[in-house]
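Peer 1: need a 3D model of the following:
(one chain, ligands or ions: 3)
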Amino acid sequence: METRKHLCTNCSFEADDDSDYCPRCGTLFTENIKCESHSKLEAEGVCVICGKPFCGICGHSVNNIFLCGENNSYEIYEGMAKVFGTSDEIQIHFVKSCLEGNSFHPFIYSKKSTPMQLGGNDQSLINLSASWGEKIINEIKLLVPCSEILEAKKLISELNI
Ligand SMILES: [Zn+2]
Ligand SMILES: [Zn+2]
Ligand SMILES: [Zn+2]
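Peer 2: Ligands and ions are numbered 1, 2, ... in the order given. Next comes the predicted model:
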């Protein structure tokens, strides 16, 4: 039998057919799910960070992604949440390999623009990106799938960096 997909009406993500909610945005596919904190209230969505259903009092959509009150401060990019940020490339690769070693699925997201992409030949920018040890202006972000972020955060806090 081929795997069927459930197309999310909110974000167009193709979720597994047997899942109750969209892992990308937290939209519920089934009804009669109650809020984790209010057993009498209907859940309005599932927090993509902690994976629990919540009502409209306990959670709400931030940029079209449903999050509970406790976890609404994460930066989220296409189903991945920022777990760590630095301008130090060596450090971010260190954290990434630590996470990979613990079976997480980290992904480095860097908005760093190179002079080529800017289309210019600004010498100061070229010098900046070329010189070893120079701080990169933009933060490099380390992302993990939303469902892994709580555990990944714990691991990083134990790294003492
Ligand atoms: Zn969705
Ligand atoms: Zn949550
Ligand atoms: Zn509630």
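Peer 1: alpha carbons only for contacts and neighbour counts from here, please
Peer 2: Noted.
Peer 1: buried residues of stretch 53-71, list them for me.
Peer 2: 53, 54, 55, 58, 59, 60, 61, 65, 66, 67, 68 (16 or more other C-alpha atoms under 10 Å).
Peer 1: from these, which is closest to ligand 2?
Peer 2: Of all these, ligand 2 sits closest to residue 68, with 4.2 Å by C-alpha to the ion.
Peer 1: hey, where'd the helices end up in the protein?
Peer 2: Along the chain, counting by DSSP state H, helices occupy 89-101, 115-118, 123-130, 149-158.
Peer 1: now do the contacts for residue 69.
Peer 2: Each residue near residue 69 by C-alpha atoms under 8 Å, 6 or more residues apart in numbering is listed here: 58, 59, 60.
Peer 1: the second one pairs with what?
Peer 2: Okay, so that is residue 59. Under DSSP bridges, the beta-bridge partners of residue 59 are residue 68.
Peer 1: ok, it touching residue 67?
Peer 2: Yes: look at residue 59 against residue 67 with C-alpha atoms under 8 Å: they come within range, at 5.5 Å.
Peer 1: enumerate the residues of this protein near ligand 1.
Peer 2: Contact residues (C-alpha under 5 Å from the ion) of the chain with ligand 1: 8, 11, 22, 24, 25.
Peer 1: and the strands in the chain?
Peer 2: 5-7, 14-16, 45-46, 53-54, 59-62, 65-68, 76-77, 80-86, 107-110, 140-145 (DSSP state E).
Peer 1: buried deepest among those strands, which one?
Peer 2: strand 45-46 (a mean of 30; mean count of other C-alpha atoms under 10 Å).
Peer 1: check whether that strand comes near ligand 2.
Peer 2: No: using C-alpha under 5 Å from the ion, strand 45-46 stays clear of ligand 2, with a minimum separation of 7.8 Å.
Peer 1: let me see the mean pLDDT of that strand.
Peer 2: In this model, strand 45-46 carries a mean pLDDT of 97.
Peer 1: now swap in stretch 150-161 and tell me
Peer 2: The model assigns stretch 150-161 a mean pLDDT of 93.
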